[in-house]
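# Mind folding the following:
(one chain, ligands or ions: 1)
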Amino acid sequence: MEHFDVAIVGGGPAGSSCAAFCARAGLRTLVLEREKFPREKVCGDCLNPSCWAVLNRLDLVNRTRALPHAELERVEFIAIGGHRVITDLPSGDQCELAIKRSFFDELVLKRAGELGAQIREETTVTALRYSDTGETCSHGPVAHLDSDAPHGRGYSSSWKIETASGENFAARVLVGADGRNSTVARLCNLLPRPERERIALQLHVPLPGNFRNRVALQLLPHGYVGLSPVNDEELNVCLVAKPGNINALKTWAAKRFTVSSDHAWRTITPLTRAAIPPAHENLFLIGDAARVIEPFTGEGIFYGMRSGELAANAIARTMRGEDRQATLREFSRAYAQMYRGRLWINRLARAAVLSPRIASYLLRLTPSSYAIMRLLTAKIALPPNDNDESLRRLK
Ligand SMILES: Cc1cc2nc3c(=O)[nH]c(=O)nc-3n(C[C@H](O)[C@H](O)[C@H](O)COP(=O)(O)OP(=O)(O)OC[C@H]3O[C@@H](n4cnc5c(N)ncnc54)[C@H](O)[C@@H]3O)c2cc1C
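From the prediction side, this is the model:
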């Protein structure tokens, strides 16, 4: 059985970033990824400008810009009935790009490999054991952070990770970066009950000639549609609706974009579930595995990458001998700071999609709706303050 310092389950933006930073810090790093990359996934494909700082620290800015992409200039909020509120997006170094996830995720995973992480694709994690007891994972090893917990340095025990093909790996630290339906969280009895209140569908269609470089967030009686070009030829179409309304929305989109009935839509649920604490004794949950973000805001990739970076920082420092509990507490503070002042936008976005008629009414009739949408766009598209102490120490 191969032994690693850190095993990361999931090679999306969260897992790959975490792996890249862990490997660069000199840790023996393993990524176990269920799919064979490149692969698409249900996403609006928009890269929030906040990502540039993390990409810069991974030396990926130029390579990201070299991928096929669309540079998005403005966002249009469209109410039922067609009323539009248009706001500009940042330009230049801090612009928002749309890039297909097949390209972007493959780039970040490849970077982790270049920095020394071992990448195992088409490898699905199915079981976890804790080496102290040999028992299948349960609440046992997942000690919650509390100020009375014994202080310690490094990690004395380890995880045994089993895959669907019967392979086994051992690692001192485990990172669950396996998305909103996280197997790691489920196996550790941490996964909250999902709320199947909405479903998302996604596909790429030929780019209509007059679409231009804009993101359109359109409210319809049955739900919400997000549209953005991802290169010179393709448009990303995302649909979000309550389960009872999704077929009506799909029919609308099929007609609007001439999608044949046998075209397969990618699908995902849940879009909402309770957050899970990200830091445990020798277990971290990052990206969607810890907290699911509203699609409307287009911030999930950033939170994934940034939480991956913060977790790598905490793991590397603990492995180097810093006090474990103090490091975990610092990680938790930096993690909370990342979301500070931004989660209310998520609640607003969710309410808008659940009640598109009310949201449309407000968009149409509020005299200050332009100023409000501009403020929201700026809040989402401006880089957050990532100037925290824990990151400075890693650099
Ligand atoms: C409709 C919609 C639109 C969105 N639009 C945007 C947008 O425009 N911009 C944005 O920033 N965010 C957007 N998001 C959110 C974004 O897609 C996620 O936040 C982001 O993908 C989270 O990254 P992650 O690495 O945490 O998880 P994921 O990207 O989900 O990666 C998890 C990885 O884990 C792997 N995995 C899962 N289980 C196992 C297992 N048992 N063993 C091994 N591997 C496993 C999966 O194959 C996957 O590759 C959108 C979400 C939705 C639903």
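# Could you report the distance from N245 to the ligand?
From N245 across to the ligand, the span is 15 Å (Cβ to the nearest ligand atom, to the nearest Å). Every C-beta, even on glycine, is put in place using the N, C-alpha and C of the backbone.
# can you tell me which residues contact that residue?
Shown in contact with N245 (Cβ atoms under 8 Å, 6 or more residues apart in numbering): H222, G223.
# That one and Y224, how far apart?
10 Å (Cβ to Cβ, to the nearest Å).
# Repeat that for S360.
According to Cβ to Cβ, S360 stands 11 Å off from Y224.
# ok, G82 - how many residues close by?
When neighbours are defined as other Cβ atoms under 10 Å, G82 has 9 of them.
# What ranges does the stretch 1-150 of the chain have for its helices?
13-24, 51-57, 61-65, 101-114 (DSSP state H, counting those that start in this stretch).
# TSV please, covering the ones you listed and showing distance to the ligand and mean pLDDT.
Converted to TSV, the helices of the stretch 1-150 of the chain look like this (distance: least, Cβ to the nearest ligand atom, whole Å; pLDDT from 0 to 100):
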stretch	distance to the ligand	mean pLDDT
helix 13-24	3	98
helix 51-57	8	97
helix 61-65	13	98
helix 101-114	7	98
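# Let me know which of those helices is the nearest to R266.
Of all the helices of the stretch 1-150 of the chain, helix 101-114 sits nearest to R266, with 10.0 Å by Cβ to Cβ.
# Residues of the stretch 251-395 of the chain that sit close to the ligand?
For the stretch 251-395 of the chain, the contact set with the ligand under Cβ under 6 Å from any ligand atom comprises 268, 271, 287-289, 293, 295, 298-302, 304.
# Mark which of these are part of helices, please.
The helices, defined by DSSP state H, take in G300, I301, F302, G304 from those.
# In TSV, list these along with distance to V85.
Rendered in TSV, the data for those read as follows (distance: Cβ to Cβ, whole Å):
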residue	distance to V85
G300	23
I301	25
F302	24
G304	29
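# For the ligand, state which of these is nearest.
G300 (2.0 Å; Cβ to the nearest ligand atom).
# Could you double-check that that closest one lies in contact with I293?
Yes: with contact defined as Cβ atoms under 8 Å, G300 reaches I293; the gap is 4.4 Å.
# about what we covered before: can you say which of the helices of the stretch 1-150 of the chain is packed in most?
helix 13-24 (a mean of 30; mean count of other Cβ atoms under 10 Å).
# what about that helix, distance to the chain center?
13 Å (Cα atoms, centre = their mean, to the nearest Å).
# Would you mind pulling up the elements that that helix packs against?
Applying 3 or more Cβ pairs under 8 Å, 6 or more residues apart in numbering; DSSP states H and E, one finds that helix 13-24 contacts strand 2-9, strand 29-32, helix 101-114, helix 300-319.
# Any chance of TSV for those, columns distance to I276?
What follows is those, written out as TSV (distance: least, Cβ to Cβ, whole Å):
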stretch	distance to I276
strand 2-9	14
strand 29-32	19
helix 101-114	22
helix 300-319	12
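# Flag the shaky bits of the stretch 51-200 of the chain, pLDDT-wise.
Applying pLDDT under 70 to the stretch 51-200 of the chain picks out residues 131-157.
# The stretch 251-395 of the chain too?
For the stretch 251-395 of the chain (pLDDT under 70), the answer is 365-370, 379-395.
# Enumerate the residues of the stretch 51-200 of the chain near the ligand.
Within the stretch 51-200 of the chain, the positions adjacent to the ligand are T124, V125, A177, D178, G179, T183, A200 by Cβ under 6 Å from any ligand atom.
# need the contact list for the third one.
Taking Cβ under 8 Å, 6+ apart as the criterion, A177 is in contact with 8-12, 14-15, 18, 285-287, 289, 304, 308.
# try the fifth one
Listed by Cβ under 8 Å, 6+ apart, the contact set of G179 reads G10, G12, G287, D288, A289.
# mind checking pLDDT for the first one?
Listed pLDDT for G10 reads 98.
# Distance check, it against R347.
26 Å.
# and what of the last one?
Taking Cβ to Cβ as the measure, A289 falls 21 Å from R347.
# Pick out the residue of the stretch 101-250 of the chain closest to the ligand.
Relative to the ligand, the nearest point of the stretch 101-250 of the chain is G179 (3.0 Å; Cβ to the nearest ligand atom).
# Report the secondary structure state of that residue.
Three-state call for G179 (DSSP: H, G, I helix; E, B strand; the rest coil): coil.
# again, but for the one 10 residues further on
The three-state assignment at N189 reads coil, by three-state DSSP.
# could you measure it against I276, distance?
From N189 to I276 the distance is 11 Å (Cβ to Cβ).
# more neighbours, A289 and R347?
Neighbour totals were compared for A289 and R347, and A289 leads with 31 against 10 (other Cβ under 10 Å).
# Thank you, goodbye.
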